[in-house]
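S.K.: Got a sequence here, can you build the structure:
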Amino acid sequence: MNYTNIHNKKINLGIQILRVILCFWILAFHSLNSKKINYYLFYITKTIFFHVPCFSLISFYFSYNIFSQSNSIKAKKRLEKLLIPYTIWPLITFINNNILYNGRKIYFYQLIIQLLLGRQFIIPHWYLFSIIILTIFFFILSNLFKEHFLFISQLLMILIYFAEYTSNFQFLNIYKIYVKYPILDTFSIFPNCVAGLTIASLNLVENFKKNRIKVIIFSYLFLYSLFKYNFFVDLGGYRGILNNFASFFFFTIFYLIPLENINIHFQKIITHATSYTQGIYCLQSMMIPFVLNKLGNRGTFFGCIMIYFLSYLISLIGYKIVEKNRLKYLFI
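M.R.: So this is what the prediction gives:
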């Protein structure tokens, strides 16, 4: 197979905006009280689970060259960017809860489980765990199978879909939750990661730019039909082919938004304002209980905005303090 590199190396502003929307979406999903929001907001935040699959697609779309070129230097840099927040935020939370803030006590064994499996007292870290595991997996696959690695990945994607729709993952029920879910969640986002790699290998969305308006309209209509009529059986959570389709068309719409020709100063503002989604995502486990319990906004939409704003502010300040060293990856 003849691989193509991702030609557009510039930051795509539409995808940056989509990352912010997805980050807020996840935060709202974890903190909103369904009794305090209207039906449509509840439908968006509680029923459709494509936010994490879409994040997964984005992550591997933009890392495609690492695997197509078997680039060990870029792979190490990617893993470093993931491992720093994955390991340090649990340590910060452990110290904060047990020593500084005197919050819910965290035992040392819980810290070990969190660091090993990404799921104990910072539940959202399962995503970082899965992305780390899959980065290593795809890199090994690309070294073993060279130009056939993507084809092997696509075959595995089909097998995982088959396993999901035939309930072949039920054997995981014998394990404890903190063992079961990291494995299940990693399998669940695998198809979306493969989709990101496949789209990048075909340079698909870049080619769509020739007919961007038509593609955006078609993508919107497809999404509308997908959600309204539920053409595909959704398995709940992050599983099911519906999430793959929804992720792809949302990604396509935002990728094709014609923002590349706007004023350069406005581009810089957008880039700056959308650069801290990793910090916001990692901070939510501390900020959600703080805002809900201390500031009294229990499960409200305004409370979600406060959580996002405070997390953004902490990430911005934190980045400015450590931007000269690797700790910057805690926030960007």
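S.K.: residues contacting the residue nearest in space to the middle of the chain?
M.R.: Among the residues of the chain, the one closest to the centroid is residue 55, at 3.2 Å (CA atoms, centre = their mean). Under the criterion of CB atoms under 8 Å, 6 or more residues apart in numbering, the neighbours of residue 55 are 19, 22, 26, 127. (Glycine included, C-beta is placed from N, CA and C.)
S.K.: If we use 7 Å, what do you get?
M.R.: residue 22 (CB atoms under 7 Å, 6 or more residues apart in numbering).
S.K.: Model confidence at it, what's the number?
M.R.: Here the pLDDT value assigned to residue 55 is 95.
S.K.: Can you point out the buried residues in the host helix or strand of it?
M.R.: Using DSSP states H and E, the secondary-structure element containing residue 55 is helix 51-61. Taking 16 or more other CB atoms under 10 Å as the basis for neighbour counts, the residues of helix 51-61 that come out buried are 51-61.
S.K.: repeat for stretch 318-332
M.R.: 318-319, 328-332.
S.K.: what do you get for stretch 26-33?
M.R.: Residues 26-29, 31-32 are the ones in stretch 26-33 that count as buried (16+ other CB under 10 Å).
S.K.: before we move on, what about stretch 258-274?
M.R.: Neighbour-count burial for stretch 258-274, counted by 16+ other CB under 10 Å, picks out 259, 267, 270, 274.
S.K.: which residues sit in contact with the third one?
M.R.: Residues touching residue 270, when contacts are defined by CB under 7 Å, 6+ apart, comprise 13, 16-17.
S.K.: Among these, which lie within strands?
M.R.: Of the positions in the contacts of residue 270, not one sits in strands, assigned by DSSP state E.
S.K.: so what's residue 15 scoring on pLDDT?
M.R.: Model confidence at residue 15, given as pLDDT, is 96.
S.K.: doesn't residue 59 make contact with it?
M.R.: No. When contacts are counted by CB atoms under 7 Å, residue 15 is not listed as touching residue 59 (10.9 Å).
S.K.: Would you mind checking which of the contacts of residue 270 is nearest to residue 114?
M.R.: The closest of the contacts of residue 270 to residue 114 turns out to be residue 16 (CB to CB; 29.4 Å).
S.K.: ok, residue 179 - how many residues close by?
M.R.: Other residues lying near residue 179 total 15 when counted by other CB atoms under 10 Å.
S.K.: and if you look at the one 4 residues further on?
M.R.: Here the number of neighbours of residue 183 (other CB under 10 Å) works out to 16.
S.K.: Now do the SS call for it.
M.R.: Following DSSP: H, G, I helix; E, B strand; the rest coil, we place residue 183 in the helix state.
S.K.: repeat for the one 10 residues further on
M.R.: Local secondary structure at residue 193 is given as helix here, using three-state DSSP.
S.K.: Count the neighbours of it for me.
M.R.: Here the count is done by other CB under 10 Å, and residue 193 has 25 residues near it.
S.K.: Can you tell me how far it is from residue 24?
M.R.: In this structure, residue 193 and residue 24 are separated by 22 Å, where distance is defined by CB to CB, to the nearest Å.
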